[in-house]
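Chemist: Model the following, please.
(2 chains)
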There are 2 protein chains.
Amino acid sequence: MTRQELFDQILQKRSFLCVGLDSDVNKIPGHLRREEDPILVFNKRVIDATVDTAVAYKPNIAFYESLGPQGWNTLAKTLEYIPKEHFTIADAKRGDIGNTSKMYAKAFFEQMDFDAITIAPYMGEDSVTPFLSFADKWAILLALTSNKGAMDFQNLQIGESELFEQVLIKSREWGSADQLMYVVGATRGEMFAQIRKHAPDHFLLVPGVGAQGGDLGTVCKHGMNSQCGLLVNSSRGIIYAGEGEQFDESVKKAALDLQADMDRMLDQYLR
Amino acid sequence: MTRQELFDQILQKRSFLCVGLDSDVNKIPGHLRREEDPILVFNKRVIDATVDTAVAYKPNIAFYESLGPQGWNTLAKTLEYIPKEHFTIADAKRGDIGNTSKMYAKAFFEQMDFDAITIAPYMGEDSVTPFLSFADKWAILLALTSNKGAMDFQNLQIGESELFEQVLIKSREWGSADQLMYVVGATRGEMFAQIRKHAPDHFLLVPGVGAQGGDLGTVCKHGMNSQCGLLVNSSRGIIYAGEGEQFDESVKKAALDLQADMDRMLDQYLR
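Modeler: Residues are numbered from 1 along each chain as shown, chains lettered A, B, ... in the order given. Presented below is the predicted three-dimensional model:
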C-alpha cells in the first residue's frame, strides 16, 4: 500500500485507528474456546466489528508464535480475512544480519502478504535495508517505545541528541517516508514535537493509547502532519472491551468511540 | 541447562563449537530437494556429522519462519532430533513489551524446549526479564554484533562508554551469569578485552568466525575465562562445507578442524 492510499483511507473513514490483534486464548470470551480455532473465530468477529472504523490491523506475532505451528495457520487465515483496503502490520520486532533479515522479509512480505513489519534497529543499516526492497511494503522502525524499559537505552544522551533521535537521523538515509515509519509510544505525548523535527513527513505508529495511559489529544497536537502521519494503535482497549456471546457489540462501540475522537482531531489538527 | 553442565560438556568434548543451522533450501545439496522435508533431512545429517564435536546448535529462526507453518514443524522436529546433552539456542532476536516478551518466552521455552534465545536489547529491562523467569533457561542479549551495521548504534559514545557497554552494565542488574549471555561478534576480536571488563563471568556467543572473517585466536586470547565462557558459532563454514551425496563427510571434517583448533585454545588460554 502506498502512503497516498493510506491517507485516502484515513480521509474516507475519518479515522487513523489501528486495531492490535494481541489475541490471547485465556482472555477471549469463554464460549469461543469450544471452537476448533478459537483465536481465528475471535479475530474474525473483532474484524467484522471494526472494519468501518479501523484503517489498519496489527497482529502481535508473539501471540501466534506461542501457539506453535497451528498459530501460524491462524495468523495466515486472519490476514486473509482482513479486507485488502486495510493496512496490515506484522508486529514482529525482527532484525538481524543482512542475509537473515532477508529471510524475515520473505516470511512476512512473500510467504504472507503483510504491508508492513516492525523492526528493532539495534543492528543498524544492513539489518533494515532488506525490508526496503519490496515495492509498496514498509519497515516500521522502533524509535521511542511506550514501555518503562524504553528509558534504559532509547533516551541515553549521545552528544547533542538521544539514542532514539540517532535512529531517526541515521535511518532517513536508508529509505524514504514512502518505505519507513517509526514506532513512537503515546505515553510521552510531548516527545512528538521532538520526533517531528527529525521526521516531519513519516507516518508514526503509536501504541500506548488506552491501557498504557497515553493521551490522544497530546499526540495529535504535536504529532499530526499534513497527511495525518499517525496510526494510533489500540489493542486490549478494543478487542477485550466486551464479554459473553455479544462481546463484539462492545468491541464495535469502543472502536467507534475512538474513531469519533479521531474525527475531531482531524478537524482540529490536520494542516 | 546450567552453566556448570555446559562447561562440563566443553571439557569432555574439548570443544566450544556451536553449529548454526541457517539451513536454506536453495543451498543444500540438490539431491535432498527430492525429500518430503529437505531441510529436516539436511539438518539431521549435519547433526549426525557434528554430534561429537559440537556442544551447541543454533537454528536461525528466520530460515524456518520463511517457510510458513511447515517451517515451524521442521524446526520442532530438528530440535527433537538434537541430543539432550547439547545446548540449544533459538537465534530469534526477539524482544517486546513485557506481556509480549512473555509470549515469546512461552513459544521458545514451553511450546518448544530451547535452552536459550537471542534477544535484542533496544526496549530495555521489561522486554528482557520475562525470559529470565524460567529455571535453567537463558537469554542471550545482543551486545556487539558482527555485521557492518553494528557500528551505526552499538559504538555510539555515551559519556565514558559506548552503547554496547551500557547494555552490559545495565543488564547485569537484571539477571546473573547463570541466566544471561551476550552476543559478541568475532570480527573485532580486540574488543573482547573491553567486554570482559564488564562481563568477566558470562558466556559469550560469538558469531563471525569463518565466513565473516573473525579470528579464533584473537577471540580466545582476550575472551576466554576460567569456565571457557565462549560459544563460538559457525554456520555457513560448516553446514555448506560439502556437496553431493556425501556432503556430510566434509561437514564432519570442517567441524573436526575447528574443534582441533578449539582444543589447542583450551590448552593455551583456559585459566
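Chemist: and the closest residue to residue A:17 other than its chain neighbours, what does it touch?
Modeler: Residue nearest to residue A:17 in three dimensions, not counting chain neighbours: residue A:54, with 4.8 Å by CB to CB, 6 or more residues apart in numbering or on different chains. No exception for glycine: its C-beta is placed from N, CA and C like everyone else's. By CB atoms under 8 Å, 6 or more residues apart in numbering or on different chains, the residues touching residue A:54 are A:15, A:17, A:18, A:19, A:86, A:255.
Chemist: Among those, which lie within helices?
Modeler: Within the contacts of residue A:54, residues falling in helices by DSSP state H are residue A:255.
Chemist: related to what we said a few turns ago, how close does the residue nearest to residue A:17 get to chain B?
Modeler: 20 Å (CB to the nearest CB, to the nearest Å).
Chemist: Could you pull up phi and psi at that residue?
Modeler: Main-chain torsions, residue A:54, degrees, to the nearest 10: phi -100, psi 140.
Chemist: Can you name the two of the contacts of residue A:54 that sit furthest apart?
Modeler: Farthest apart among these by CB to CB are A:86 and A:255. That separation is 12.9 Å.
Chemist: more neighbours, the two?
Modeler: Between residue A:86 and residue A:255, residue A:255 has the larger neighbour count (other CB atoms under 10 Å in any protein chain shown), namely 25 against 21.
Chemist: Which stretches in chain A count as helices?
Modeler: Here chain A has its helices, by DSSP H, at A:3-13, A:38-50, A:61-65, A:69-81, A:98-105, A:125-128, A:150-153, A:163-171, A:192-198, A:216-223, A:236-239, A:247-269.
Chemist: Output those in TSV, with distance to residue B:39 and mean pLDDT appended to each entry.
Modeler: Converted to TSV, the helices of chain A look like this (distance: least, CB to CB, whole Å; pLDDT from 0 to 100):
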stretch	distance to residue B:39	mean pLDDT
helix A:3-13	37	98
helix A:38-50	27	98
helix A:61-65	19	98
helix A:69-81	14	97
helix A:98-105	12	96
helix A:125-128	23	98
helix A:150-153	36	96
helix A:163-171	33	97
helix A:192-198	42	95
helix A:216-223	44	95
helix A:236-239	35	96
helix A:247-269	40	97
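Chemist: okay, the ones you listed in CSV with distance to residue B:95 next?
Modeler: Converted to CSV, the helices of chain A look like this (distance: least, CB to CB, whole Å):
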stretch, distance to residue B:95
helix A:3-13, 27
helix A:38-50, 23
helix A:61-65, 10
helix A:69-81, 19
helix A:98-105, 14
helix A:125-128, 13
helix A:150-153, 11
helix A:163-171, 15
helix A:192-198, 21
helix A:216-223, 24
helix A:236-239, 20
helix A:247-269, 28
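Chemist: Please identify the most buried of those.
Modeler: helix A:61-65 (a mean of 26; mean count of other CB atoms under 10 Å in any protein chain shown).
Chemist: Report the distance from it to the chain centre.
Modeler: In terms of CA atoms, centre = their mean, to the nearest Å, the centre of helix A:61-65 is found 15 Å from the chain centre.
Chemist: Check the residue nearest to residue A:17 and give its pLDDT.
Modeler: According to the prediction, residue A:54 has pLDDT 98.
Chemist: same question, residue A:186
Modeler: At residue A:186, pLDDT is 89.
Chemist: how many neighbours does it have?
Modeler: 27.
Chemist: and it, what is it in contact with?
Modeler: Neighbour list for residue A:186: A:146, A:206, A:207, A:208, A:209, A:212, A:214, A:215, A:216, A:218, A:219, A:232 [criterion: CB under 8 Å, 6+ apart].
Chemist: ok, now how distant is it from residue A:266?
Modeler: Distance, residue A:186 to residue A:266, using CB to CB, to the nearest Å: 17 Å.
Chemist: Was I right to think residue A:22 contacts residue A:236?
Modeler: Yes. The pair residue A:22 and residue A:236 qualifies as a contact (CB atoms under 8 Å) at a distance of 6.6 Å.
Chemist: Fine, thanks again, bye for now.
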